[in-house]
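Participant: model this:
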Amino acid sequence: MANKLNFLPEDWATLLESTTVAGIAVSAAEPSGLWGTLKEFLASSSALDAAKRDPHSNELVAAVIAELETEEGQSKLHKALHKRFGEVKTPADFVQNSLVALREASAILDEREPADAAAFKSWLFSVSRRVAEAASEGGFLGFGGVQVSAAERATLDEIAEALGIADQPSA
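Facilitator: Got it, this is the predicted structure:
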């Protein structure tokens, strides 16, 4: 059974962080204003909640989500995010730092849990896609625009590359 005991503490923190940065990368790629950002945050939270409720979730995904529900897990996540984004100033920097975190998570998964790596990476990508699809971009007061902007599509491609997963269907 894949769980935090299979990982070094810093590697486990990177996996916890990956659940958040998968959404941050897409959200920062095309800032959506207050309501759009709220929708994107809720989409990310909803993806975690859906995986938690799914009895068929990958064991590692379930273990990471369970850890995020603990005070210790939240503390590890907060420290990792502060370390990664504490000095960031621009949306482009948020995207790039998120991609670095996802590359690190991918390498950890490939090394420590190759049997669960593909499922976990696919799940992370699905979190990113849900965030991209959460709010339309480029419209006015919710009218017009596109569901997934060109910048978000490009970031989804970069996320797939960072995770080392095969081409994913476009959002």
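Participant: which residues touch the residue nearest to the spatial centre of the chain?
Facilitator: Nearest to the geometric centre of the chain sits A22, at 1.7 Å (CA atoms, centre = their mean). Counting by CB atoms under 8 Å, 6 or more residues apart in numbering, A22 touches 44, 98, 102, 124-125, 127-128, 131, 159. Heads up, the C-betas are built off the backbone N, CA and C, glycines and all.
Participant: Tell me the buried residues in the helix or strand of the chain with the lowest mean pLDDT?
Facilitator: Taking mean pLDDT, DSSP states H and E as the measure, the chain has helix 33-53 as its least confident helix or strand, at a mean of 74. Residues 36, 39-40, 43-44, 47-48, 51 are the ones in helix 33-53 that count as buried (16 or more other CB atoms under 10 Å).
Participant: Quick check: A160 touching L124?
Facilitator: No - look at A160 against L124 with CB atoms under 8 Å: they stay out of range, at 9.9 Å.
Participant: Comparing the two, which residue is more hemmed in?
Facilitator: L124 (28 against 20; other CB atoms under 10 Å).
Participant: what helix or strand is that one on?
Facilitator: For L124, the element it lies in under DSSP states H and E is helix 114-134.
Participant: what number of residues lie near the spatially closest residue to V64 that is not a sequence neighbour?
Facilitator: Using CB to CB, 6 or more residues apart in numbering and skipping the chain neighbours, the partner closest in space to V64 is L15 (5.6 Å). L15: 26 surrounding residues under other CB under 10 Å.
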